[in-house]
Structure formats: structure tokens, C-alpha cells
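Q: everything below, folded, please.
(one chain, ligands or ions: 1)
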Amino acid sequence: AQTRGPLVIDAGQSQLALSPYVDYLHDVDGDADLDAARVWQQEGRFQPLPSASAAFGFQPGAFWFHARLVNLHPGEPRWLLVQEYALSDRVDVYMRREDGTVQHQRGGDHAPFKVRSIRYRHPNFALDLPPGDAVDLYVRVQSQSSMQVPLSLYTPTAFTEMSRDAQLAIGLYYGILLALFFYNLVLWLTLRDPSYFWYLFHITAFGLVLFTLNGLGFEYLWPSSAWLADKAVPLSICLALIGMQQFARTFLELPQRWPRGNWVSLGLITFFALLGLASLELPYRVSTPIASRAVLVGVLWIAVASIVVLRRGYRPARLFLLAWAMFLLGTTMFTLVAFGVLPKTFYTEYGVQIGSALEMLLLSVALGYRYAALRNENERIVREAKLHLEQKVMQRTGELRSALGQLENAHARLRESSQRDGLTGLHNRTHFRERLLEILERGDRPVSLLMIDLDHFKSINDRHGHLVGDDCLRWAARTIGQTLRPHEALLARFGGEEFVAALPGMGVHDAARVGESLRQALHAQPCTSGPHTVRISASIGVHQLPTGHGDDGDDAIDQALQRADEALYAAKAGGRDCVRMAGALA
Ligand SMILES: Nc1nc2c(ncn2[C@@H]2O[C@H](COP(=O)(O)OP(=O)(O)OP(=O)(O)O)[C@@H](O)[C@H]2O)c(=O)[nH]1
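A: Numbering: from 1, shown residues only. Down below sits the predicted model:
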């Protein structure tokens, strides 16, 4: 290889990428000093850069870069050399002038941030380039991180303009991240859905990854810690990996929807946690490539889990998948740049930022969508439970109604039986009085009473026994009932072998006629009970209640019964088997 011609800076130039003018040499052992490097350079052992991006991947030892500069720009004696990659550990810049003097400046994240010429996230070095002088520029870079050495020269004005645009782009990115962070923090605090917590965790850890990669972590968070500068990348990547797997598990509801996939996720989380711990001890060049590859594995696994859960009918997984596809695209580009596969352009360099900003936005939307889906599901459950409850209440009400009906029937039967005489089935005396009172209270018609007493009943009992006597009582009750039926009579067993009947709308004479037909009906045929045939007769007293008894219906009834009884006794006295009217006594 041969040494290139010098880079001549002409008037009118303000910004130059050095790579076309730079030769390099890989000092694998990393122990050569400037003098040794100069000798190699003069021996022609330096080579042109393989690509414009000067990215070599993870490499041992040190890399030497050389360019010869001649500044012919009359108005710009001061230039700024910027190493546009934040993670290089040690950057040594040597300016060797024609007179043999050498100026040395340090940079990289193993030197304290404050040694930088300008407070800026990338290593930078102020160069005095007096117009017309030729200068040999040697840059030695040694780093555990990926060997990327894109060197540029800027005039102070050009640098200000460039850095302003870059800072605005970065500011926008972290602005989006912060807005999403606080928005979802509020949602998490209100909703207490663990998905939101893991989203916050993921976005914070991922924000830290990019903060570190952009060089802002070193500038703002650990400006003098070489140790943290080395560990922050693998550590923050592991945290982000844990966050995104946990987020995916809760968002996709893997424990319920895909238990086996859940175990794989838990396995990955354990691995990332162990890797994070190990990265505290392992050299950067070992832990970081594993962590960077693990990002691809983690995201691909999330894509697989999303597809499985989506195919099982979980619709919120669709947006989730799209979000991670964005992230995957951006991260793939960034990783390919880190390994020197893709050239460094705006889109590849900021691919992670663009992809992840889209991803986090979409994830936030997906969280909202999921929340809405959950709420709808809850509402459906509540609706169904209400319907079920209503049906149950209706069923129970029906059962209660039918039980009440049965109770009412039983009650009516009980009331009925309390109004009836057990032997004959006729109404009893109490009920007779109540009903008669009702009839009298209407007071619009005359009412007559028949007091009916079976004759010589004691001798029937004595002769045939009580059971035959009972049969005779039932028979007499039936016969009396049948005879009185056409007259709407109110009939009751008054006691023993005595019956009473009220005949509404009937005067005493008509009642006496009815009494007579009754007497004859009892006579018409005997009562038969088993082998026994018993002739039965009755004595009947008749009385018509006086109308207009006023409020004292009870007394009127007592008196009337008394009078009917007297008539009955008159019938008994008159030889039995006959009808007597009370009026006739008077
Ligand atoms: N088998 C039976 N006998 C009854 C029942 N209730 C009352 N007796 C009887 O009826 C008879 C009534 O007798 P008494 O009051 O002396 O009257 P009687 O024998 O009918 O004579 P007179 O009324 O004067 O014609 C008594 O022997 C009672 O035991 C009953 O439910 N069943």
C-alpha cells in the first residue's frame, strides 16, 4: 500500500469527512507508540479504509489512522476534529508539525468528559491548522466496543450548525419518550394494570440504552466513570430486555393464553438477568455482542408469541406485533451498522431511534386498545351476570308465587274446615251466625228460621249404637240439604241432633210450608245403615225475624233463635213430627 496525498482544505470548505484521506493500521497487540506508528506509516504499511464508515466490528488491540492535512483556507485557522461515535474507550490524537513538534490530546470515555475541547456527546479535538502549513494527523483508537472511527473536520460555525440539528433530533426523540413515560405513568397510577408498569420499565431502560449509545449517558450521568461507561451498555440492554419480555408476558397474557410460551419468556428473562449480572465482570467485548444479539432474539421471540396469541383470537396482539416489527427493523439496522455490515447513514444510524419511537407510540396505543378490550369484556360479563340474575329472580318469584298460592289454598281449606261440622259436612253454628248477620245487615228482605230437631234420637243411639246414630245424622243432613236447596237456604248443624236453617226472602208461612215439606221428606223413606233400617222424624219450629233490627244484629239473632227454639219445643210438646210457628204461640 502506498501513502495517500495530503488533504488540502480549500477556501470555502467548512466541513469534511476524513475517511477518503485516511490510511489505517491495525496494531493487534496495541503496544505501539507514536514513533513506532510513524515508522510503519513511512514504511507504507498503512492501508486505505475498507469503507467510508470506518467500521471494523469488535477488534482487539489498537487502530492507528493517519492523514496529512494542508490548510489553505485563509479565514479558518482553527478546526474541530470529531470522532462521530460515542463509545470508543481511548482516543489519542497526535498533531505532528513540520518542525517535529507533536501535540497530543486525549478523548473517549475512558478519559474524563471535561478534557473534551467542546462539551459534546462525541469525542472532539480542537486543531490549530495555520494556513499553508502541512500537518501529520495520527489518531490512535483502542476500545472494547465496536471499532468505529468516522472522523470529520468542522469549522466552529459548521460544527455549531451540525450539532444544533442533531441535538434537536435527539431532543425530539427523548421528548416523545418522556411524554409517553408520563402519560403512561398516570395511566398506571390510575388503572394499576401491571402491563403499564412493565411498559414504563421497558421505555425507561430502553431510553437509557439509547442515552448511553448517543454518548449522553457519559456526558450527563457518569462523566468521570470509565467503569460505568463500559458497563452501562450491556447493563441497560439487559434491563431493557427484561422489561420488554415482562411487558410482552403481561400484555399478551401469556400465563393464561399460552402457558408454554410463558415458560420460554420466563427462561429468557432469567437468562437476561444472569447476563446483566455477568456483564459486571465480563469484558465489554464479550458481554455487549451477546447482549446486542439477545435483543434480536428477544424481539423475535415476542413476535412469535404475538403471532401465536393472535392466532388464538387475542386481537390486541395485532398492534403489539406491528409495534415490535418497527422496533425490529430499527434495531436490525443499528446492529448491522455496529458489526460493519451496513454503511452509516442518517437512517441506519437513527434507525433505532425512529423505530423505537414508533414502537413505543404504537405500544402505548396498543395498551389503550387492550384496556378498551378489557373494559368491553368486563361490561359483557356484568351484562350477562345481570341477565342471569334477572332470570333467577324471575324464577324465584314464580316459585314464591306458586308457594303463596298453595299456602292460600291451604288457608282457604283450613278456613272452610273451621266453618264446617266434621260429621255432617254442614256449616257449623258459628259460621251460621256470621252469615245470618251478613244477610240481616243487607236488611232488604224478610228472613225466617227453621229449628229442626230429630225425634227420640237417644233411643236410636240406644237401640242401634252410636255409629248407626252418626249415619242417621248424616242422612238427615243430606235430606234436609236437598229439600232446602231450591230455597237458597243457609243450613247448619246447630248441635247434637239439632239443625237450623235460615230462609232469606221468605215469610213465616212460606217457611212453615218449607218446614212441612222437609218433615215429609224425612218421612218419605227410612235411613239405612248397614243392615239397619231406621225411621226418622223431626220436630220443626218456625220463626220470622223482625225486620229493622238496627245495629244490634247479634241480639236479634239470639232472640230469633230463642223464638224458633220455643216453637220447636212447642212441636215436641205437640207430639213431635210436626211443624210449629213461633207466631202461633203468641
Ligand atoms: N250418634 C250420635 N248421637 C248424638 C250425637 N249428638 C247427640 N247425640 C245424641 O242425641 C241424643 C239426644 O237426646 P235427647 O236430647 O234426650 O233427645 P231425644 O232423645 O232426641 O228426644 P227428643 O228430642 O225429646 O225427641 C243424645 O242421646 C245424644 O247422645 C252425635 O253426634 N252422634
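Q: go through the helix or strand containing residue 470 and flag the buried ones.
A: Per DSSP states H and E, residue 470 falls inside helix 466-484. Residues of helix 466-484 classed as buried by neighbour count (16 or more other C-beta atoms under 10 Å): 468-469, 471-477, 479-481, 483-484. For glycine as for every other residue, the C-beta is placed from the backbone atoms N, C-alpha and C.
Q: repeat for stretch 152-167
A: Buried, per 16+ other C-beta under 10 Å, within stretch 152-167: 152, 153, 154, 155, 158, 159, 162, 163, 166.
Q: tell me the SS of the last one?
A: The three-state label for residue 166, taken from DSSP: H, G, I helix; E, B strand; the rest coil, comes out as helix.
Q: now the second one
A: Per three-state DSSP, the local secondary structure of residue 153 is strand.
Q: picking up where we left off before, with distance to the ligand and pLDDT added, can I get the buried residues of stretch 152-167 in JSON lines?
A: Formatted as JSON lines, the buried residues of stretch 152-167 follow (distance: C-beta to the nearest ligand atom, whole Å; pLDDT from 0 to 100):
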{"residue": "152", "distance to the ligand": "131", "pLDDT": "94"}
{"residue": "153", "distance to the ligand": "137", "pLDDT": "95"}
{"residue": "154", "distance to the ligand": "133", "pLDDT": "96"}
{"residue": "155", "distance to the ligand": "137", "pLDDT": "94"}
{"residue": "158", "distance to the ligand": "133", "pLDDT": "94"}
{"residue": "159", "distance to the ligand": "131", "pLDDT": "94"}
{"residue": "162", "distance to the ligand": "127", "pLDDT": "89"}
{"residue": "163", "distance to the ligand": "125", "pLDDT": "89"}
{"residue": "166", "distance to the ligand": "121", "pLDDT": "83"}
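Q: separation between residue 528 and the ligand?
A: 16 Å (C-beta to the nearest ligand atom, to the nearest Å).
Q: what's the answer for residue 182, then?
A: 98 Å.
Q: run through who's touching the helix holding residue 470.
A: By C-beta atoms under 8 Å, 6 or more residues apart in numbering, the residues outside helix 466-484 that reach it are 423-426, 452, 454, 457, 460-461, 491, 493, 497, 499, 501, 503, 514, 517-518, 521-522, 527, 529-530, 532, 534, 536, 538.
Q: what is the subsequent helix or strand relative to it?
A: Defined by DSSP H and E, the subsequent element after helix 466-484 is strand 490-495.
Q: buried sites along that next one?
A: Applying a neighbour-count criterion of 16+ other C-beta under 10 Å, one finds 490, 491, 492, 493, 494 buried in strand 490-495.
Q: and the angle for that strand with helix 466-484?
A: Orientation check (axes from the mean of the first three to the mean of the last three C-alpha atoms, to 10 degrees): strand 490-495 against helix 466-484 gives 160 degrees.
Q: rounded mean pLDDT for strand 490-495, please.
A: What strand 490-495 shows for mean pLDDT is 94.
Q: chain center to it: distance?
A: From the chain centre to the centre of strand 490-495 is a distance of 75 Å (C-alpha atoms, centre = their mean, to the nearest Å).
Q: and that strand, what does it pack against?
A: helix 429-442, helix 466-484, strand 498-504 (3 or more C-beta pairs under 8 Å, 6 or more residues apart in numbering; DSSP states H and E).
Q: the strands in the stretch 1-150 of the chain, which residues?
A: Taking DSSP state E, counting those that start in this stretch, the strands of the stretch 1-150 of the chain run over residues 7-9, 15-17, 23-27, 47-48, 55-58, 62-71, 78-83, 90-97, 102-107, 124-128, 134-142, 146-148.
Q: okay if I get those as a markdown table plus mean pLDDT, mean neighbour count and distance to residue 228?
A: Output for the strands of the stretch 1-150 of the chain, formatted as a markdown table (pLDDT from 0 to 100; neighbours: other C-beta atoms under 10 Å; distance: least, C-beta to C-beta, whole Å):
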| stretch | mean pLDDT | mean neighbour count | distance to residue 228 |
| --- | --- | --- | --- |
| strand 7-9 | 89 | 18 | 36 |
| strand 15-17 | 91 | 17 | 31 |
| strand 23-27 | 94 | 19 | 27 |
| strand 47-48 | 90 | 13 | 35 |
| strand 55-58 | 84 | 18 | 20 |
| strand 62-71 | 94 | 22 | 23 |
| strand 78-83 | 94 | 22 | 20 |
| strand 90-97 | 96 | 20 | 16 |
| strand 102-107 | 94 | 16 | 17 |
| strand 124-128 | 95 | 19 | 21 |
| strand 134-142 | 95 | 21 | 19 |
| strand 146-148 | 87 | 23 | 18 |
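Q: got these as JSON lines, with distance to the ligand columns?
A: JSON lines is the format used below for the strands of the stretch 1-150 of the chain (distance: least, C-beta to the nearest ligand atom, whole Å):
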{"stretch": "strand 7-9", "distance to the ligand": "143"}
{"stretch": "strand 15-17", "distance to the ligand": "133"}
{"stretch": "strand 23-27", "distance to the ligand": "134"}
{"stretch": "strand 47-48", "distance to the ligand": "139"}
{"stretch": "strand 55-58", "distance to the ligand": "121"}
{"stretch": "strand 62-71", "distance to the ligand": "132"}
{"stretch": "strand 78-83", "distance to the ligand": "129"}
{"stretch": "strand 90-97", "distance to the ligand": "129"}
{"stretch": "strand 102-107", "distance to the ligand": "130"}
{"stretch": "strand 124-128", "distance to the ligand": "130"}
{"stretch": "strand 134-142", "distance to the ligand": "130"}
{"stretch": "strand 146-148", "distance to the ligand": "121"}
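Q: want to throw the ones you listed into a markdown table with distance to residue 235?
A: Formatted as a markdown table, these follow (distance: least, C-beta to C-beta, whole Å):
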| stretch | distance to residue 235 |
| --- | --- |
| strand 7-9 | 40 |
| strand 15-17 | 33 |
| strand 23-27 | 29 |
| strand 47-48 | 36 |
| strand 55-58 | 18 |
| strand 62-71 | 25 |
| strand 78-83 | 24 |
| strand 90-97 | 21 |
| strand 102-107 | 23 |
| strand 124-128 | 26 |
| strand 134-142 | 22 |
| strand 146-148 | 17 |
